[in-house]
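Chemist: Fold the stuff below for me.
(one chain, ligands or ions: 1)
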Amino acid sequence: MTAITVLHPGAMGVSVASSFRTAGHDVRWVADGRSGATFARAAAAGLQSVTDLAAGCEHAELVISVCPPTVAIDVARAVTATGFAGTYLDANAISPVTAGEVAALLAASGATPVDGSIIGMPAHQADTTRLYLSGPVAAGLAADLSGGPLSVIAIDGGIGAASALKMAYAGWTKGSSALLLALFAYAAEMGVDGPLLAEWARSQPQLPDQLEGRAAGVGPKAWRFVGEMEEIASALRGVGMTGGFHDGAAATYAALASFKDASPPPDLAAVVEALRAGD
Ligand SMILES: NC(=O)c1ccc[n+]([C@@H]2O[C@H](COP(=O)([O-])OP(=O)(O)OC[C@H]3O[C@@H](n4cnc5c(N)ncnc54)[C@H](OP(=O)(O)O)[C@@H]3O)[C@@H](O)[C@H]2O)c1
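Modeler: Numbers count the residues shown, from 1 in each chain. Take a look at the predicted model:
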């Protein structure tokens, strides 16, 4: 049994924490600073909390960060300030450069960093979600964390490899959603959405069927995707490629940020209206 602190039981984090508990570990989360929604998710999953970050780090051999990508560095810095010297897994959608910065912060304070990324839906069922790990201790950690519904897979390539995999994967899934919705909104703005749907039905029949689902799927999470698209743009620029496409995807998601956590999610008409209105 490993003592684990999953810092933030968000929609994904709570499923990660539950999976590791199912695998036999002692899992806690940090209550300080979190909203009622996080408390409710953690309570529904029956997870035990600790009061603050210092207690969370004192409890744990392994600390796991699953949070909005824009705060990954701040969270890592806060953990180093507690003097934590165990293993630190950052599982966020961040670029390999940001992952390297997180790892350097942790290593400098005596902890062992592991790079991670998550692909799939929150891991409440087996075979839906993968946690990829990379770095010197990734293989051993993957074996330790396996056994719950979350599949844990170590890959080669050192710190940054798991993050690079996520950048490539999400760059397509979330980038293509932004592109599809932006172009449909443009067609609506120009009064040719009907003819576009008719043309797609002839030549790209999969696209009309995807519009409603993608609008509902991205709307409530668009605020978080802004930072993720910026990380992907930065990752591509980091290897000398253009980041412009994902800068545009970030701007597209910024125009949808007002749908944050909307339940029920926005329909296609609401998303198109927000995109036509712009920032
Ligand atoms: N959801 C998915 O389907 C999915 C899939 C693949 C990967 N992921 C990855 O998982 C990570 C989190 O996603 P999620 O869906 O769990 O997001 P989420 O549901 O929005 O949860 C984010 C969690 O982080 C906390 N948080 C928010 N702002 C924070 C801050 N400034 N400092 C510290 N913690 C903060 C939130 O707490 P409060 O809101 O209570 O403050 C919440 O507990 C992302 O990096 C994402 O790429 C998610």
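Chemist: looking at this, Val63 is in a helix?
Modeler: No - the assignment for Val63 (DSSP: H, G, I helix; E, B strand; the rest coil) gives strand, which keeps it out of a helix.
Chemist: right, and it touches Thr80 too?
Modeler: No - with the criterion set as C-beta atoms under 8 Å, Val63 and Thr80 do not qualify as a contacting pair; they are 10.5 Å apart. Where C-beta positions appear, they are placed from N, C-alpha and C, glycine not excepted.
Chemist: Please identify which of these two sits among more neighbours.
Modeler: A side-by-side neighbour count of Val63 and Thr80, using other C-beta atoms under 10 Å, places Val63 first with 27 against 19.
Chemist: Tell me what the more buried one is bridged to.
Modeler: For Val63, the beta-bridge partners under DSSP bridges are Thr5, Tyr88.
Chemist: Give me the distance between it and the ligand.
Modeler: In this structure, Val63 and the ligand are 13 Å apart, going by C-beta to the nearest ligand atom, to the nearest Å.
Chemist: how is this structure carved up into domains?
Modeler: The record assigns the chain these domain ranges, following automatic domain parsing: 3-159, 168-277.
Chemist: for these, which one ends up most surrounded?
Modeler: The densest packing among these, expressed as mean neighbour count by mean count of other C-beta atoms under 10 Å, is seen in domain 3-159 with a mean of 20.
Chemist: thinking in terms of the whole chain, how far from its middle is that domain?
Modeler: Remark: domain 3-159 is offset 12 Å from the chain centroid, using C-alpha atoms, centre = their mean, to the nearest Å.
Chemist: what is the rounded mean pLDDT of that domain?
Modeler: For domain 3-159, the mean pLDDT works out to 97.
Chemist: ok, which stretches of the stretch 51-200 of the chain are helices?
Modeler: Assigned by DSSP state H, counting those that start in this stretch, the helices in the stretch 51-200 of the chain fall at 53-59, 72-81, 96-108, 138-145, 161-189, 193-203.
Chemist: Distance to the ligand added to the ones you listed, as a markdown table?
Modeler: Listed next are the helices of the stretch 51-200 of the chain as a markdown table, based on distance: least, C-beta to the nearest ligand atom, whole Å:
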| stretch | distance to the ligand |
| --- | --- |
| helix 53-59 | 10 |
| helix 72-81 | 6 |
| helix 96-108 | 11 |
| helix 138-145 | 16 |
| helix 161-189 | 7 |
| helix 193-203 | 27 |
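Chemist: Can I get the ones you listed in JSON lines including distance to Trp223?
Modeler: What follows is the helices of the stretch 51-200 of the chain, written out as JSON lines (distance: least, C-beta to C-beta, whole Å):
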{"stretch": "helix 53-59", "distance to Trp223": "24"}
{"stretch": "helix 72-81", "distance to Trp223": "16"}
{"stretch": "helix 96-108", "distance to Trp223": "19"}
{"stretch": "helix 138-145", "distance to Trp223": "29"}
{"stretch": "helix 161-189", "distance to Trp223": "13"}
{"stretch": "helix 193-203", "distance to Trp223": "26"}
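Chemist: nearest to Leu47, of those?
Modeler: For Leu47, the closest of the helices of the stretch 51-200 of the chain is helix 53-59, at 12.1 Å, according to C-beta to C-beta.
Chemist: ok, residues contacting that closest one?
Modeler: 3, 5, 7, 28-30, 32, 50, 63, 78-79, 82-84, 86 (C-beta atoms under 8 Å, 6 or more residues apart in numbering).
Chemist: Same check on stretch 60-77?
Modeler: With C-beta under 8 Å, 6+ apart as the test, stretch 60-77 has contacts from 2-8, 10, 12-13, 16, 28, 56-57, 79, 84, 86-94, 98, 101-102, 105-106, 116, 118, 141, 224, 226-228, 230-231.
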